[in-house]
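K.L.:
Sequence first, predicted model second:
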Amino acid sequence: MEIDPHQADALAHVAAVEGLGGQLVVEESTVPVVDAETDAENQLLMLEDALVDALDSFKMSSSANAITEMKAILEMVGYIKQEAVYGRVNEGIALPTMLEVAQSDLNISRRCAALSFFQMIFKESTLVRDNSYLRDKLLSYWVRASVGCLVEGSFSKQNSESAVASKGVLTANAAIRPVMRSIAASIDAADDDGALRLFRPCMDMISGVFKQLLNSSDYNNFNMQGEDALRASCIKFLETVVLCFSSKGPVAVGRRREEKTDDFSLDDLPTGHPIITRDVLESIGDNALSTLRGLVEIGGQLKVENFADFVPIGDQEDADLSTRELIRTIRPAALAFLEVDVARRKREDEDPDAKIERKGLEVIFHLSQKSYAITLNAIAIVATQRPPCFKEAAAALARRAMDPPKESSSSEEGLSKAAAKGISSQLRASCLTLLRNSLSVASNSFEILLRALKQAGMSVQAEKALKVAK
């Protein structure tokens, strides 16, 4: 690999400024030794000049070279180990410039590359991970970059709009856990203001993703590749929100919980903050789960009332403005499904397997096979990783398995015969997997899972799975 002379000089300057002996090996090339007597300030100025040149080159790069140019910048600034140098080079030059590109550049490739930059530097920089102040600053840039890509109207073509929004959603999905962990650390350190500075843009980011999901194009356009990719990304984000804003519940007797260092749940959020409370975040998680259940059972999103007219109730009235906006966005979508679900439950006394009355339902969009598969995977993951959610998630899968998508070329749900068969097969497999889990017995969910599998002609497999669970 050939290294641009400016990049080689910049890497040498980093080595000199940070006292690394003037040598730094990059892949197959060796950067020349810098004179140890050279003034550090001059070296830093040279690094800044080289960085400005690299940023200019990135902003003028073609679509094919955007990622390469971005990685060249990352090589310059991603491994700085001194806070003073980081402050001048990254906070003073690199981060603001990359944020501007991520929020407003009209070239899709450069914009997506700039979004990736924040995630990559967070992953690579040990200085950022070990310094709470620098970590919070970088996370703030990361979140703001994601929010900037979730605002509609940047491009005249729908495909371009969807491509940038999809990348924004994926970046938001990667950011939410480290952001929430950082917020929890600030609360634990009694830095309530610091936690709030990161919490508000995080709520704006989540709200922006939900709006992208609820404002998806109508049924006739869902086959557009870009639109479907955006919807799939939003559904995966919905899963992450449920996981982050729900509790893991008590550990079963005789079992040990596997702790993941990159995970986050409400159990990890300290109490005591006047605004960032478990009750408010749990409300968001519950609404997200109800929305996810609706996608599973309906096969799409029901039409919702204008969320701008929705007034939060209860503890939500005391929530922060950004949190109230998020609740106004997600709660009507949840209520749209819950209203249909309540009507179904009223018929359960006469028919335990009562199905949803689908005739006359107004649907904003239907799920394609890809989006539906991601939805089913998402609710299965929620069921197994968050035991308190197991019963509702299992019931949603079982009810849909007993009332699967229609197998016809002109299905009301927009699925071809082959796609409907694929979804039905995945539903049965998911039910069997959950029935095999010991939580199916602990939560009394095994009965509805067993009925669903028996109706599908899988009695033998279901009985074996139940024995394993018990």
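P.N.:
Structure's in. What do you need?
K.L.:
center of the chain - which residue?
P.N.:
residue 173 (2.1 Å; CA atoms, centre = their mean).
K.L.:
quick one, what contacts it?
P.N.:
233, 236, 237, 240 (CB atoms under 8 Å, 6 or more residues apart in numbering). The C-beta positions use only the backbone N, C-alpha and C, and glycine is treated the same way.
K.L.:
check contacts around the first one.
P.N.:
When the contact criterion is CB under 8 Å, 6+ apart, the partners of residue 233 are 166, 169, 170, 173.
K.L.:
Out of those residues, which is nearest to residue 288?
P.N.:
residue 173 (13.0 Å; CB to CB).
K.L.:
where's that closest one relative to residue 468, distance?
P.N.:
Counting by CB to CB, to the nearest Å, the gap from residue 173 to residue 468 is 33 Å.
K.L.:
Residue 211 too?
P.N.:
Distance from residue 211 to residue 468, by CB to CB: 42 Å.
K.L.:
ok, residue 124 touching residue 78?
P.N.:
Yes. At 4.5 Å, residue 124 and residue 78 qualify as touching, with contact defined as CB atoms under 8 Å.
K.L.:
Who has more neighbours out of those two?
P.N.:
Each of residue 124 and residue 78 has its neighbours counted (other CB atoms under 10 Å); residue 78 has more, 21 against 15.
K.L.:
The more buried one reaches residue 127, doesn't it?
P.N.:
No. Residue 78 lies out of contact with residue 127 (CB under 8 Å); the separation is 9.6 Å.
K.L.:
Show me the shaky parts of the stretch 251-400 of the chain.
P.N.:
The model of the stretch 251-400 of the chain has pLDDT under 70 over residues 251-261, 305-319.
K.L.:
let's see 80
P.N.:
Within the stretch 251-400 of the chain, the ranges that satisfy pLDDT under 80 run 251-262, 304-320, 348-354.
K.L.:
show me where it has helices.
P.N.:
Along the stretch 251-400 of the chain, counting by DSSP state H, counting those that start in this stretch, helices occupy 278-298, 321-345, 369-385, 390-402.
K.L.:
Which strands and helices lie in contact with the second one?
P.N.:
What that stands for is helix 321-345. helix 192-214, helix 278-298, strand 300-302 (3 or more CB pairs under 8 Å, 6 or more residues apart in numbering; DSSP states H and E).
K.L.:
how far does the second one sit from the chain's center?
P.N.:
Taking CA atoms, centre = their mean, to the nearest Å, the mean C-alpha location of helix 278-298 is offset from the chain mean by 15 Å.
K.L.:
Quick check: closest non-adjacent residue to residue 101.
P.N.:
residue 114 (4.0 Å; CB to CB, 6 or more residues apart in numbering).
K.L.:
oh, I was asking about residue 196
P.N.:
In space, residue 196 is closest to residue 275, 6.4 Å off (CB to CB, 6+ apart).
K.L.:
Then residue 380?
P.N.:
residue 430 (4.9 Å).
K.L.:
what's near enough to touch the nearest residue to residue 63 once chain neighbours are set aside?
P.N.:
Closest residue to residue 63 apart from its sequence neighbours, by CB to CB, 6+ apart: residue 109 at 3.8 Å. The contact partners of residue 109, taken as CB under 8 Å, 6+ apart, are 62, 63, 64, 66, 67.
K.L.:
likewise residue 391?
P.N.:
Counting by CB under 8 Å, 6+ apart, residue 391 touches 443, 444, 445.
K.L.:
Doesn't residue 181 belong to a helix?
P.N.:
Yes. Per DSSP: H, G, I helix; E, B strand; the rest coil, residue 181 lies within a helix segment.
K.L.:
Return the residues in contact with it.
P.N.:
By CB under 8 Å, 6+ apart, the contact set of residue 181 is 264, 268.
K.L.:
quick revisit: top of the contacts of residue 233 by neighbour count?
P.N.:
Using other CB under 10 Å as the neighbour criterion, residue 169 leads the contacts of residue 233 with 27 neighbours.
K.L.:
what about it, which helix or strand?
P.N.:
helix 158-188 (DSSP states H and E).
K.L.:
tell me the mean pLDDT for that helix?
P.N.:
Confidence over helix 158-188, taken as the mean pLDDT, stands at 91.
K.L.:
Number the chain from 52, please
P.N.:
All right, first residue 52 from here; so that's helix 209-239.
K.L.:
Which parts of that helix count as buried, going by neighbours?
P.N.:
211-238 (16 or more other CB atoms under 10 Å).
K.L.:
cool, stretch 400-407 as well?
P.N.:
Judged by neighbour count using 16+ other CB under 10 Å, the buried positions of stretch 400-407 are 405, 407.
K.L.:
Quick one: end-to-end length of it, please.
P.N.:
End-to-end distance for stretch 400-407: 14 Å, by CA to CA, to the nearest Å.
K.L.:
which residues touch that stretch?
P.N.:
Contact with stretch 400-407 is made by 348-349, 391-392, 395-396, 398-399, 450, 453-454, 502, 506, as judged by CB under 8 Å, 6+ apart.
K.L.:
repeat that for 7 Å
P.N.:
Contacts to stretch 400-407, defined as CB atoms under 7 Å, 6 or more residues apart in numbering, come from residues 348, 391, 395, 398, 399, 453, 454, 502.
K.L.:
ok, and the most crowded of these?
P.N.:
residue 348 (21 neighbours).
K.L.:
That residue and residue 454, how far apart?
P.N.:
Distance, residue 348 to residue 454, using CB to CB: 8 Å.
K.L.:
For stretch 481-493, buried residues please.
P.N.:
Quick answer for stretch 481-493 (16+ other CB under 10 Å): 481, 482, 483, 484, 485, 486, 487, 488, 490, 491.
K.L.:
Dihedrals phi and psi, residue 115?
P.N.:
Taking degrees, to the nearest 10, you get phi -70, psi -30 for the backbone angles of residue 115.
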